[in-house]
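J.: below: sequence and its predicted model.
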Amino acid sequence: MNVDIISLSRWAYMDFPIFHKIVQKAIDKGIVVIAAAGNYGSDDFFYPAAYEHVLAVWSFDKSFQQSTFSNFWSWVDIYAPGEQLVVPDSKNGFAKTDGTSASAPLFAGIYSLLSVSYTHLT
């Protein structure tokens, strides 16, 4: 099975060398790595989103303003919807949620569709 995109929804404020190595290995193989920026309303680095060559995703609200909970700073690459998103839920089938952990896979899906439709883009 070939993997083109990996979406990561959480880790930590600490840069664990083993996680960095795993993410770098995927990037070296040409896999696009997309990660949630975190939900602490902070400008501190959040890993793996803050790693170089990882597409870090913040959250915006229905007014296209940064969500108050979304981490932010120069290491964050792109906004995606992140409030009142309907996501799979193991108890009820689906549930509404807020957070960059929902924004990242949403963007990964959009990225996947665009990369298939516009193969000339890098």
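T.: Noted; the coordinates are in hand.
J.: can you tell me the SS state at Ser115?
T.: Ser115 carries the three-state label helix when classified by DSSP: H, G, I helix; E, B strand; the rest coil.
J.: doesn't Asp4 make contact with it?
T.: Yes: applying CB atoms under 8 Å, one finds Ser115 in contact with Asp4, separated by 7.2 Å. Any C-beta I mention is one placed from the backbone N, CA and C, and that applies to glycine too.
J.: overlap in contacts of those two?
T.: Applying CB atoms under 8 Å, 6 or more residues apart in numbering, one finds that Ser115 and Asp4 are jointly contacted by Val32.
J.: ok, these two, which is more surrounded?
T.: Between Ser115 and Asp4, counted using other CB atoms under 10 Å, the more crowded position is Ser115 (14 against 11).
J.: quick check: the more buried one vs Ile34, distance?
T.: 12 Å (CB to CB, to the nearest Å).
J.: can you check Lys91 too?
T.: The span separating Lys91 from Ile34 equals 27 Å under the rule CB to CB.
J.: who has more neighbours, the two?
T.: Residue environment comparison for Lys91 versus Ile34 gives the larger neighbour count to Ile34, 28 against 5, counting by other CB under 10 Å.
J.: now do the end-to-end distance for stretch 74-87.
T.: In terms of CA to CA, to the nearest Å, the two terminal residues of stretch 74-87 are separated by 28 Å.
J.: give me the pLDDT value at Gly109.
T.: What the model reports for Gly109 is a pLDDT of 94.
J.: ok, residues contacting the helix or strand hosting Trp58?
T.: Counting by DSSP states H and E, the element that carries Trp58 is strand 54-60. Taking CB under 8 Å, 6+ apart as the criterion, the residues outside strand 54-60 that touch it are 23, 27, 32-37, 39, 46, 48-50, 66-67, 69-72, 75-83, 98-100, 102-104, 107, 111.
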